[in-house]
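>>> predicted model, plus sequence, below.
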Amino acid sequence: MKVLIVGGGGREHALVWKISMSKGISEIFCAPGNGGISDLATCIPINPEDIEGLVEFSKKEGIDLVIVGPESPLALGIVDKFSQIDIPVFGPKKDAALIETSKIYAKEIMKKYNVPTANYASFSNHHEASLYVDEKDLPFVIKADGLCGGKGAYIIRDRENAHSVLEDLFIKKIHGSAGERIVIEDFLVGEEVSYLVFSDGKEILPLVPSQDHKRLLDNDEGPNTGGMGAYTPVPFVDSEMENTIKNKIMTRMIEGLREEGIEYKGILYGGLIVVSNSPYVLEFNARFGDPETQAILFKMESDLLPIIISCINGTLGEIKEIKWKKGYTVCVVIASRGYPEKPEKDKIINGLESLKNLSDVMVFHAGSKKINGKYYTSGGRVLNIVARGDNLKEAIRKAYEAVSMIHFEGMHYRKDIGQKAFKYLN
Ligand code: GLY
């Protein structure tokens, strides 16, 4: 079987690595891939948003399966396009991906099908939104409706800031058409958890709960990023809470979408917050999380390929469970100086060779490139160091031991990945 994986980040490196261990794989291609992926797959210089280019390549190469990593090709209808030409493709179609690409749509579905989420109002008119923020109790959240690369949510603590955000969105149009409509919702305080499930449109199959670290600096300070690290499992998600999440959030959402005539196939990613022991949805994503996937797949014992194929074929119910390696996995992201605003590039990465001798440690590359056998930085998040341990402490120790062997000029990483979990462990 020839597989094409679309994307070029740490998530896609983890997907390539996991799929490379599946039975029956003859060749893996990745578009565009990165320096680390090029050691396992043939990287092809096609942009994930160039759907026609990907289709043409797949027909020529005789691709048997396409797995889509990022959200932007989903929003452009990559799954619809490959389905039309009968090439099996993993991910939701454009109408289903709306749960990520339109915050207002996701909120409307949640409200209609009684999926717990913060109270909200939506606006497409600057004046009406201004009147609303003058009256609304602080703090609250303003979210752009469309895709903003993780930069479209604003926590508002004073009214002056609210008006300046509205001006940015409606007048300066800093997010273009993605900010033409907005959601204003209550600010929820609690512990966040990423809960991902496979779906074939009828059944769900959950992955282990994980927790992302979105801020750039330790103690959740500094600007938001794509994610500076993750760990799994999450000790405050016990089996009772997990049942609540499965039944009252994930299944309700899949069934609600079915009622709307939408068959949701692929990964449904619930970005949740637990408030007083009750989970609420902050957002849904229509894809694997990054960096959560790097930690999750390193813990996964089961073969990924049959699960992906059964999601596409509508036979997920035949897979009873996913087997997991014991213990915890921790993923530490190493980023370039200047990330997320203006990351430096083209720095040589040293130390990767020495990590090959470590057990239970893996490096998934993100913004890296390989030239003449040497690896260089090429973007904001550069490497994901993933480690597994029998307990959280051991996983963290192994991950940071590996991080200490890596060096490139200006490298930055958080020193507290996973620490938050200790308060829930005895
Ligand atoms: N880790 C956040 C995301 O994938 O959107």
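Cool, the structure landed. Quantities reported herein were computed from a predicted structural model and do not represent experimental measurements.

>>> point out where the stretch 1-150 of the chain drops to low pLDDT.
Judged against pLDDT under 70, the stretch 1-150 of the chain has no low-scoring part.

>>> who are the neighbours in contact with the residue nearest to the spatial centre of the chain?
Compute the mean C-alpha point of the chain, and by C-alpha atoms, centre = their mean the closest residue is Gly289, 1.6 Å away. Applying C-beta atoms under 8 Å, 6 or more residues apart in numbering, we find Gly289 in contact with 11, 194, 196, 210, 212, 227, 230, 269. The way it works is simple: take the backbone N, C-alpha and C, and place the C-beta from them, glycine included.

>>> inside strands: which ones of the residues you listed?
194, 196, 212, 230, 269 (DSSP state E).

>>> quick check, nearest of those to the ligand?
Asp212 (4.3 Å; C-beta to the nearest ligand atom).

>>> where does the stretch 251-400 of the chain get nearest to the ligand, residue-wise?
The stretch 251-400 of the chain approaches the ligand most closely through Gly289 (3.6 Å), counting by C-beta to the nearest ligand atom.

>>> let's see the pLDDT reported for that residue.
Looking at Gly289, its pLDDT is 98.

>>> secondary structure class for it?
coil (DSSP: H, G, I helix; E, B strand; the rest coil).

>>> how far off centre is the helix or strand harbouring Thr329?
Element membership of Thr329, judged by DSSP states H and E, is strand 328-335. On the basis of C-alpha atoms, centre = their mean, to the nearest Å, strand 328-335 sits 14 Å off its chain's mean C-alpha point.

>>> use 5 as the first number for this chain going forward.
Will do, 5 is the new start, and the previous item becomes strand 332-339.

>>> now check it, is it near the ligand?
No: against the ligand, strand 332-339 shows no contacts by C-beta under 6 Å from any ligand atom, the least distance being 10.1 Å.

>>> just the mean pLDDT for that strand, thanks.
The pLDDT scores in strand 332-339 average 98.

>>> which elements pack onto it?
Contact here means 3 or more C-beta pairs under 8 Å, 6 or more residues apart in numbering; DSSP states H and E; on that basis strand 332-339 packs against strand 233-236, helix 296-303, strand 385-393, helix 396-407.

>>> and of those, who's closest to Ile188?
Ile188 sits nearest to helix 296-303 of all those, at 27.4 Å, using C-beta to C-beta.

>>> tell me the buried residues in the very next helix or strand once past the closest one?
Later in the chain than helix 296-303, the nearest helix or strand by DSSP H and E is helix 308-317. Buried residues in helix 308-317, defined by neighbour count with 16 or more other C-beta atoms under 10 Å: 308-309, 311-316.

>>> please apply the same query to stretch 27-41.
32-41.

>>> strands - which of the residues you listed land there?
Among the buried residues of stretch 27-41, the members that lie in strands (by DSSP E) are 32-36.

>>> switch those over to TSV; also include distance to the ligand.
Converted to TSV, these look like this (distance: C-beta to the nearest ligand atom, whole Å):
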residue	distance to the ligand
Ile32	22
Phe33	23
Cys34	18
Ala35	19
Pro36	19
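
>>> what's the burial count for Asp420?
When neighbours are counted by other C-beta atoms under 10 Å, Asp420 registers 15.
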